[in-house]
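Trainee: Okay, predicted coordinates and the sequence, questions at the end:
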Amino acid sequence: SSQPTLSDPEELKPERFLSSGNEMTSFGGQDFVFLPFGSGRRFCVGWRMTMQFIHLTLARLLQGFEWSTPKDEPVDMTEGHGLVLPKATLFR
């Protein structure tokens, strides 16, 4: 229980597999982000395909919902400054 990543192993905590995005990810089984895929010789052979299809699956799930704004307010489409023009305000 000295490692916070492994505390409460019986409880579902998806955030324990999230990385901050600043460090290099080790695919050799040393990184907790890929722990659900196994490690070492028993590493999942389909993990590369999974990483490719997760974006498509998420897009199809989002496409299946009917989205609307609260109280039918118009969406603020103001753009911020930057190379890719991020939205000035996030969705609510």
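Mentor: Here it is on my side, so go on. Numbers count the residues shown, from 1 in each chain.
Trainee: When you work out contacts or count neighbours from here on, use the C-alpha atoms and nothing else.
Mentor: Noted.
Trainee: remind me which residues of the chain are low pLDDT?
Mentor: 1-6, 16-37, 39-40, 82, 84-86, 90-92 (pLDDT under 70).
Trainee: could you show me where the strands are in it, in order?
Mentor: When secondary structure is read from DSSP state E, the chain shows no strands.
Trainee: what ranges do the helices span in it?
Mentor: 47-63 (DSSP state H).
Trainee: what sits against residue 60?
Mentor: By Cα atoms under 8 Å, 6 or more residues apart in numbering, residue 60 lies in contact with nothing.
Trainee: can you tell me how far it sits from residue 54?
Mentor: 10 Å (Cα to Cα, to the nearest Å).
Trainee: neighbours of residue 50, just the number please.
Mentor: 13 (other Cα atoms under 10 Å).
Trainee: Residue 47 too?
Mentor: Residue 47 has 15 neighbours, counted by other Cα under 10 Å.
Trainee: Check residue 59 too.
Mentor: Residue 59, neighbours per other Cα under 10 Å, totals 11.
Trainee: try residue 38
Mentor: Neighbours of residue 38 (other Cα under 10 Å): 15.
Trainee: so it makes contact with residue 46?
Mentor: No - here residue 38 does not reach residue 46: they are 11.2 Å apart, not a contact under Cα atoms under 8 Å.
Trainee: so how far does stretch 58-72 reach from one end to the other?
Mentor: OK, stretch 58-72 end separation, Cα to Cα: 25 Å.
Trainee: ugh, wrong one, I meant stretch 58-68
Mentor: 18 Å.
Trainee: Who are the contact partners of residue 81?
Mentor: Counting by Cα under 8 Å, 6+ apart, residue 81 has no contacts.
Trainee: All set, thanks.
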